[in-house]
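output the structure for:
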Amino acid sequence: MQKLTRRGMLLGAASLAAAAPHVGLAGAAPKIHVLKDRNCGCCGAWVDILRANGFDVSTENSFGTLLIRHKLDNGIPQAMTSCHTGEIAGYFIEGHVPPADIRTLLDERPDAVGLAVPGMPYGSPGMGPEDKREAYDVYLIRRDGSTEIFARYEAAA
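Numbering: from 1, shown residues only. Got it, this is the predicted structure:
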């Protein structure tokens with residue numbers, strides 16, 4: 001049996017102190033800030049889904065032309081807009097993007113503006129039951145304004 005010494009305790013404490021900041025980073029929830037219309041129920045439902053999936057969400061109410069101007073000024077093409085816009089790790093998330101696709105974006109880190117689900121497709125996160133969803137695509141918005149399909153969701157059977 002080993003004897004606990006003062007030197008051993010000091011070395012152990014120093015090791016824990018050095019490792020502690022890195023332990024916190026490994027499990028940190030991704031932080032996303034969402035600009036949304038205060039009167040939009042689906043925006044709130046999407047925020048709730050993000051929180052349930054481990055995101056640290058802050059929100060800010062915006063509306064009308066201010067929100068649209070924010071989207072366009074930050075490289076979201078008008079054809080890709082929806083009702084709310086999230087900002088996370090240098091990317092913009094437009095509309096009802098599933099949490100798994102946001103995580104994939106953060107893992108892959110493409111050179112892009114972000115992701116978008118244009119419009120408000122029924123059955124996308126926050127827009128009704130997934131088992132009744134219509135088909136929709138998640139688009140990657142490139143910095144030049146071009147888009148490509150990032151993920152595809154088929155209609156529920």
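
secondary structure class for the most centrally placed residue in the chain?
Per C-alpha atoms, centre = their mean, the C-alpha nearest to the average position across the chain is that of residue 102, at 4.7 Å. Under DSSP: H, G, I helix; E, B strand; the rest coil, residue 102 falls in the helix class.

what about the residue nearest to it when sequence neighbours are not counted, how many residues nearby?
Excluding the flanking residues, the one nearest residue 102 by C-beta to C-beta, 6 or more residues apart in numbering is residue 93, at 5.9 Å. Yep, even glycine has a C-beta here, placed from its N, CA and C like the rest. Applying other C-beta atoms under 10 Å, we find 26 other residues in the vicinity of residue 93.

so which strand or helix has residue 93?
When elements are assigned from DSSP states H and E, residue 93 belongs to strand 91-95.

sheet partners, orientation included, of that strand?
According to DSSP bridges, strand 91-95 forms sheet pairs with strand 85-88 (antiparallel), strand 112-117 (parallel).

tell me the pLDDT of the residue nearest to the centre of the chain.
What the model reports as pLDDT for residue 102 is 98.

list the contacts for residue 48?
When contacts are counted by C-beta atoms under 8 Å, 6 or more residues apart in numbering, residue 48 is found next to residue 126.

that one sits in which helix or strand?
The secondary structure element spanning residue 48 is helix 41-52 (assigned by DSSP H and E).
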